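S.K.: Sequence first, then the predicted structure:
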Amino acid sequence: MDAVRLASVRQAFHQIPELGFEEHQTQALLLSLISELPQTHLQVTTWRTGVLALVRGSAPTRRIAYRADMDGLPIREETGVPFASTHDGMMHACGHDVHMTIGYGLLSHFATNQPVDDILFVFQPAEEGPGGALPMLASDEFQALRPDAIFALHVQPDLAVGQIGLRPGILFANTSELFIDLIGRGGHAAFPHRANDMVVAGAQFIGAIQSIVSRNIDPLDSAVITIGRLEAGTKQNIIAEQARIEGTIRALSNDTMGLVKQRIESVLDGIARMFDCTYALDYGANYYQVWNEERLTEGFISFIETRSLARVERVPTAMTGEDFGYFLRDIPGFLFWLGAETPYGLHHAKMLPNQACVEVALKVLIPYFTERGYLGAL
Ligand SMILES: CC(=O)N[C@@H](CCC[C@H](N)C(=O)O)C(=O)O
């Protein structure tokens, strides 16, 4: 597949970002693109807003899979490119347009050049939330096509095009979403003693939890609590009856995740007593860590290095989350960072992966999925 065609496919995905489980246009675009490919050894199934495309091998003894996530984020795009999002307030700010384009490029190659083994292309909805991997993995549609090994990539703005970052073992953290409603009593701004002000309660809560990571977590361990959204009140002279606090927790182990949650609950109980208010707490979607299977990861690194296909960086664990971790808990494989060389980080309104990274991914993954010896017994 030529680079110009792949750029136009990426631009088409980029223009129509949709939130988790709402990827209807994205699914339709994928199905339409796939329908233009030779169909002789293709089998296509849908699962909710996702797509499963199986390329049947000529003499298969195993099935490998490439997974691409499909959803965008609620961010108003500021890249200024002519192919910017046409969906107001939504953007592919985490590179899923690129992940899908690479999936399509690989699929297009193998639909034309039949591999020996089966290759399954997994276009998965809702990675950013509420999490499509776990229900997709459990679905009859996926289980009927279940692969023996599974691989994924994620664009990495900090790495140059031509670099690939990965490590065996834990690459991404365990995550838990965090949703809190504080419920007090509203009232007139001039009579605070007759109300329970949830702006002040929310501010105290957010301030108080800042000490959890620094005071309760072993300094040699790692955890993150980020509050990404705060909403309270209706007008400047009305005491807010409610506050909504939304965030995410990251931890490198389940024990640490449990400790962070326990501390958050203690602080919340204290705030409720202090302000004589009530609260509702919901941990939303929780993602399992991304654990790269050691043998396959080391094999991939030596595969790339022996053939000089890219420059491999052995990177540290990142506190990002990925529901691909659920696939890896069940099926051997790995996820790697793909250098996408762009000045703005993931989830930023100006984040724009360099298109050239698509070529690098295909240069590495086409031979990796074609040659059979290096995977060993699966
Ligand atoms: C790669 C990446 O950025 N993934 C997201 C996953 C979000 C998980 C969940 N919705 C949460 O916010 O906890 C990330 O933010 O790391």
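M.R.: Cool, the structure landed. Everything numeric in this text was worked out from a predicted model, so none of it was measured.
S.K.: CA only for contacts and neighbour counts going forward, please
M.R.: OK.
S.K.: How far away from the center of its chain is stretch 216-223?
M.R.: 24 Å (Cα atoms, centre = their mean, to the nearest Å).
S.K.: Tell me the buried residues in that stretch?
M.R.: 217, 222-223 (16 or more other Cα atoms under 10 Å).
S.K.: Also stretch 353-373?
M.R.: Applying 16+ other Cα under 10 Å to stretch 353-373 flags 353-355, 357-366, 368-369 as buried.
S.K.: pLDDT value on His99, please?
M.R.: In this model, His99 is scored at 98, pLDDT.
S.K.: Return the distance of it relative to Phe13.
M.R.: Plainly put, His99 is 10 Å away from Phe13 if you go by Cα to Cα, to the nearest Å.
S.K.: Buried residues, stretch 79-97. List them.
M.R.: Across stretch 79-97, burial judged by 16+ other Cα under 10 Å covers 79, 84-85, 90-97.
S.K.: Just the helices from this structure, written as ranges.
M.R.: Secondary structure of the chain (DSSP state H): helices at 3-14, 24-35, 96-112, 133-138, 140-143, 198-216, 254-275, 294-307, 324-330, 356-370.
S.K.: Which residues outside the fourth one are in contact with it?
M.R.: Here helix 133-138 makes contact (Cα atoms under 8 Å, 6 or more residues apart in numbering) with 47, 124-127, 142-143, 323-324, 326-327.
S.K.: so how far is it off the chain centroid?
M.R.: Distance, stretch centre to chain centre, for helix 133-138: 14 Å (Cα atoms, centre = their mean).
S.K.: Adjust the sequence numbering to begin at 15 for everything that follows.
M.R.: Understood, numbering begins at 15; the last thing we discussed is helix 147-152.
S.K.: and that helix, which residues are buried?
M.R.: So for helix 147-152, counting by 16+ other Cα under 10 Å, buried means 147-148, 150-151.
S.K.: who touches stretch 304-316?
M.R.: 181-188, 326, 335-340, 342-343, 346-349, 382, 388-389.
S.K.: Just the buried residues out of these, in ChimeraX syntax.
M.R.: Entered in ChimeraX, the line below selects the buried ones among the contacts of stretch 304-316, by 16+ other Cα under 10 Å:
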select :181,182,183,184,185,186,187,188,326,335,336,337,338,339,340,342,346,347,348,349,382,389
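S.K.: If we check the ligand, which of the contacts of stretch 304-316 are in contact?
M.R.: Contacts with the ligand are made by 335-336 out of these, judged by Cα under 6 Å from any ligand atom.
S.K.: Just the contacts of stretch 304-316: which are in strands?
M.R.: 183-186, 188, 326, 347-349 (DSSP state E).
S.K.: now the residues you listed in TSV, with pLDDT?
M.R.: Below are the ones in strands among the contacts of stretch 304-316 laid out as TSV (pLDDT from 0 to 100):
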residue	pLDDT
Gly183	98
Ile184	98
Leu185	98
Phe186	98
Asn188	98
Val326	98
Gly347	97
Phe348	98
Leu349	98
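S.K.: among the helices of the chain, which is the most enclosed?
M.R.: Mean neighbour count (mean count of other Cα atoms under 10 Å) peaks for helix 110-126 among these, with a mean of 23.
S.K.: Please name every helix or strand in contact with that helix.
M.R.: Secondary-structure packing of helix 110-126 (3 or more Cα pairs under 8 Å, 6 or more residues apart in numbering; DSSP states H and E): helix 17-28, helix 38-49, strand 64-69, strand 77-83, strand 132-138, strand 163-170, helix 370-384.
S.K.: circling back: could you dump the buried residues of helix 147-152 to CSV with distance to the ligand and pLDDT?
M.R.: Output for these, formatted as CSV (distance: Cα to the nearest ligand atom, whole Å; pLDDT from 0 to 100):
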residue, distance to the ligand, pLDDT
Ala147, 11, 98
Leu148, 13, 98
Met150, 16, 98
Leu151, 17, 98
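S.K.: residues contacting Asp235?
M.R.: Applying Cα under 8 Å, 6+ apart to Asp235 gives the contacts Leu266.
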